[in-house]
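Chemist: just to be clear, the model below is a prediction. Sequence and coordinates:
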Amino acid sequence: MIIDIHGHYTTAPRQLRAWRNKQIEEFKPGVPFTDTLTISDDEIRETIINGQLKLQQARGTDVALFSPTAGGMAHHYGDAATSLQWTRTVNDLVKRVSDLFPESFIPVCQIPQSPGVSPETCIEEMERCVNELGCVGFNLNPDPSDGYWTDPPMQDKWWYPIYEKMVEFETPAMIHSSMSCNPNFHGTGAHYINGDTTFFMQMIQGDLFKDFPTLKFVIPHGGGAVPYHWGRYRGIAQALGKPPLKDHLMDNVFFDTCVYHQRGIDLLTDVIPADNILFATEMIGAVRDQIDPDTEQYYEDTKIYVDAVQGLSEQDKAKIFEGNARKVYPRLKNYLK
């Protein structure tokens, strides 16, 4: 089985975006936004059959862990109430996709973060997503200010309410930045990769996994700059008096394969142990519809890169394509045989 652990509903019916735009435009503190969003099952089916599902079937993926579009989380808009309303809306929509296509999509949720607001406010929605929607994971934004990093670093106890709930539910989080409202940082080209890399460095600096030894995170986009600078991070950890990375982090931190060229995947699989790599495409995502002129393949068709890695055993490929996902996302047992 091929399990893609990183898919987003980026092709949702257009009325979702119209509803969200109006929610943002009409925001007034303390005044509820009361417009109703109506999306039919047939409209969902059309967007999925002609989009995500079509690509998954063409590229050999059996099932995708499916979440709301990451760039659309946009936690900096409005206030905590705005974020909660938006989060519940898109989480419910992803659940509907899973219900309509149960053999192809498994729900992962975003959480209602808001800059400067205690993570305690996220707990009720996290509980609803797991207990009522059947979500197997969370998307966790390391920078709810979306480009200005105004909240504490993620090894700080400020984040502990979220981590405690993750451990209770045996549910991992993918560390996923959202849009960038800082003009210095392009969203998918800079801010996403900044978030991936920054999170890893924060984990080196802290001792989070002494407090939460079973806590698990997935760093998307191949781990940002981490594999390329593996020696740098090993050396920094050593200089800080931390244990070797294999002991300090690698029972708890995992990387996906959203790296859109063969040499990048070759590097990832050479540097990072196969036990810490999970197959993913990010479809339909940052480079949708773009074809690499050097290979005449779609950039985000990452399965062809993993298949082509020289020296990667069939056992290791099986871990990357399926086994590691089952290990990191134990609630998959509720969906997969």
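Modeler: Nice, I can see it.
Chemist: residue 287 contacts residue 299, correct?
Modeler: Yes: assessed by Cβ atoms under 8 Å, residue 287 is found in contact with residue 299 at 4.4 Å. The way it works is simple: take the backbone N, C-alpha and C, and place the C-beta from them, glycine included.
Chemist: overlap in contacts of the two?
Modeler: The contact sets of residue 287 and residue 299 overlap at residue 260 (Cβ atoms under 8 Å, 6 or more residues apart in numbering).
Chemist: more neighbours, these two?
Modeler: residue 299 (21 against 17; other Cβ atoms under 10 Å).
Chemist: quick one: that one and residue 288 touch, right?
Modeler: No: at 9.0 Å, residue 299 does not count as touching residue 288 under the criterion of Cβ under 8 Å.
Chemist: all helices for this structure, in order.
Modeler: Counting by DSSP state H, the chain has helices at residues 14-25, 41-49, 52-59, 80-100, 123-131, 160-169, 192-205, 208-211, 230-239, 245-248, 262-271, 303-308, 314-318, 324-328.
Chemist: how far away is residue 254 from residue 179?
Modeler: Counting by Cβ to Cβ, to the nearest Å, the gap from residue 254 to residue 179 is 24 Å.
Chemist: so between these two, which is more surrounded?
Modeler: Neighbours per residue (other Cβ under 10 Å) separate residue 254 from residue 179, with residue 254 holding more: 26 against 21.
Chemist: just give the number of residues close to residue 276.
Modeler: Quick note: residue 276 (other Cβ under 10 Å) scores 22 neighbours.
Chemist: just residue 261 next, same as before
Modeler: Residue 261 - counted by other Cβ under 10 Å - has 15 other residues nearby.
Chemist: next one: residue 225
Modeler: Count around residue 225 with other Cβ under 10 Å applied: 18.
Chemist: what's the closest non-adjacent residue to it?
Modeler: Ranked by Cβ to Cβ, 6 or more residues apart in numbering and with sequence neighbours excluded, the top spatial neighbour of residue 225 is residue 197, at 4.5 Å.
Chemist: just the pLDDT for the one you found.
Modeler: What the model reports as pLDDT for residue 197 is 98.
Chemist: also residue 1?
Modeler: 96.
Chemist: can you check the one 3 residues further on too?
Modeler: Model confidence at residue 4, given as pLDDT, is 98.
Chemist: likewise for the one 5 residues further on?
Modeler: Here the pLDDT value assigned to residue 9 is 96.
Chemist: ok, it - how many residues close by?
Modeler: 25.
Chemist: which ones are touching it?
Modeler: Per Cβ under 8 Å, 6+ apart, neighbours of residue 9: 52, 66-69, 90, 93-94, 97.
Chemist: what pairs with it across the strands?
Modeler: residue 68 (DSSP bridges).
Chemist: ok, it to residue 1 distance?
Modeler: Distance from residue 9 to residue 1, by Cβ to Cβ: 22 Å.
Chemist: residue 25 now?
Modeler: Separation of residue 25 from residue 1 (Cβ to Cβ): 44 Å.
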